[in-house]
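Colleague: Got a predicted structure plus its sequence, pasted below:
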Amino acid sequence: MKNLLAAVALITVTPLATAATQLHLFNWNDYIAEESVAAFEKSCDCQLVQSYYSSTEEMMAKLLAGASGYDVVVPTQNAVQALIKQSFLQPLDKNQLPNLKNSDPGFLNRSYDPDNTYSVPYAFTTTLLGYNEQQLQKLGIAANDWAVIFDPAVLEKIKGKVTVMDDAEELFGAALKYLGYSVNDRDEKHLREAQQVIMKAKPYWAAFNSSSYIKELTVGNIWVAHGYSSDMVQARADAADAGRDFSVNLALPKQGAVLALDNMVIPRDAKNKALAHQFINFMLDGEVAAAVTNEVGAGNPNAAAAEFIDAEIRQQTAIFPDAAALATLETIEASGSKERRLLNKLWTEIKVK
């Protein structure tokens, strides 16, 4: 990340903290550039303490069960909507966020948080398929189709070499797309159809896995993984760096997929609200935001980041979907309590059988 420390000098104001001060960040696994952590700590003379989660359900369960002490959280759009309804979030002071002007207007003022009262965009991912290129080529399997993880005829060829996300909304979203429905379809009949698709495919999968599929792909233990685009970019890089005799690639299924827009928010009970605003403003700097893409492989909602993003990454439609691919993607919306109970019931039936 060239010139980042120089950039920090330009965007940093008088430090708000002493070295003993800590900013507690609750974020997805591997979702910030290490150089950004060091640069922020230098800019504020503080320590960034990170805690991680691997699914929206895990994050929401911890927060709503009373977990506290976080100054900044990075939830996906449907979780932002739910947290707003729970009065969990602190309204943002935009006077402390001059770099908000760098955000692409297309990612602002979304329906889950009009006027961005509580949240600002951080990064986005697609939920797609990562795969062992050589193994699937040998078997003549096309990776750009949800059939790879749902069609028993295809799965018979790769039995025990497939993992899917341990996440009800993501897995049902994929199954609904496979069936031609919206990821937000909550018609009970359609959800039960999706459940049957999942149940028929389950015997062929190695595991439900939302946390270690990067490593499993990288070492060749699995050949197909359902997961986040940023994770698949990391798996591809790790396999190449390790000199594996295979390559990891990623593909958006032709039926469409989930687009997840992650946001930075401040919990109402945050202890360091001023420092939290400083962190958010720091991450909205164009070069700092670009580092999330260059190191992690996430899509970027920051217009000022474009000039700093590696050209090779920028050209990948699985990370930056073109207009045709974008038209097939949907964000998951927050569900009502009745809908959540049904989805949880169907999910429990899947897990216990």
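Modeller: Perfect, I can see it now. The structure presented is a predicted model; accordingly, all values stated were derived computationally and were not measured. Numbers count the residues shown, from 1 in each chain.
Colleague: isn't Ile149 right up against His226?
Modeller: Yes: between Ile149 and His226 there is a contact under CB atoms under 8 Å: 5.5 Å. Any C-beta I mention is one placed from the backbone N, CA and C, and that applies to glycine too.
Colleague: Which neighbours do these two have in common?
Modeller: Leu129, Val162, Val164, Ala174 (CB atoms under 8 Å, 6 or more residues apart in numbering).
Colleague: What is the nearest of those to Ala38?
Modeller: Leu129 (33.5 Å; CB to CB).
Colleague: can you tell me which residues contact the closest one?
Modeller: Leu129 touches Ala143, Asn144, Trp146, Val148, Ile149, Val224, Ala225, His226, Met232, Leu250, Ala251, Pro253, counting by CB under 8 Å, 6+ apart.
Colleague: The last one contacts Ala142, doesn't it?
Modeller: To tie it back to what came earlier, the one meant is Pro253. No: shown here, Pro253 and Ala142 do not form a contact pair, counting by CB under 8 Å, at 9.8 Å.
Colleague: list the residues that contact both of the two?
Modeller: Val148.
Colleague: When these two are compared, which one has more neighbours?
Modeller: Pro253 (24 against 13; other CB atoms under 10 Å).
Colleague: Name the nearest residue to the more buried one, ignoring sequence neighbours.
Modeller: Spatially, and ignoring its direct neighbours in sequence, Pro253 is nearest to Trp146 (4.6 Å; CB to CB, 6 or more residues apart in numbering).
Colleague: about what we covered before: which of the contacts of Leu129 fall in strands?
Modeller: By the criterion of DSSP state E, membership of the contacts of Leu129 in strands covers Val224, Ala225, His226, Leu250, Ala251.
Colleague: any idea which of those is the one closest to Phe320?
Modeller: For the ones in strands among the contacts of Leu129, the nearest to Phe320 is Leu250 (12.6 Å; CB to CB).
Colleague: dump the residue contacts of that closest one.
Modeller: Per CB under 8 Å, 6+ apart, neighbours of Leu250: Leu128, Leu129, Gly130, Tyr131, Ser229, Met232, Val233, Arg236, Ala318.
Colleague: which pair in the shared contacts of Ile149 and His226 spans the largest distance?
Modeller: Val162 and Ala174 (12.4 Å).
Colleague: Verify the contact between Ala318 and Gly130 for me.
Modeller: No: counting by CB under 8 Å, Ala318 stays clear of Gly130, with 9.5 Å between them.
Colleague: before we move on, the earlier item: looking at Val162 and Ala174, which is more packed in?
Modeller: Comparing Val162 with Ala174 by other CB under 10 Å, the one with more neighbours is Ala174, at 29 against 25.
Colleague: how would you label Phe124: helix, strand or coil?
Modeller: Secondary structure, DSSP: H, G, I helix; E, B strand; the rest coil: Phe124 is strand.
Colleague: Show me what it is bridged to.
Modeller: Leu261, Gly299 (DSSP bridges).
Colleague: residues near it, how many?
Modeller: Neighbours of Phe124 (other CB under 10 Å): 25.
Colleague: The one 3 residues further on now?
Modeller: Around Thr127 there are 26 other residues, counting by other CB under 10 Å.
Colleague: and what of Val296?
Modeller: Counted with other CB under 10 Å, Val296 comes out at 20.
Colleague: so what's it up against?
Modeller: Val296 neighbours (CB under 8 Å, 6+ apart): Asp30, Tyr31, Ile32, Ala33, Ala123, Ser230, Val233, Gln234.
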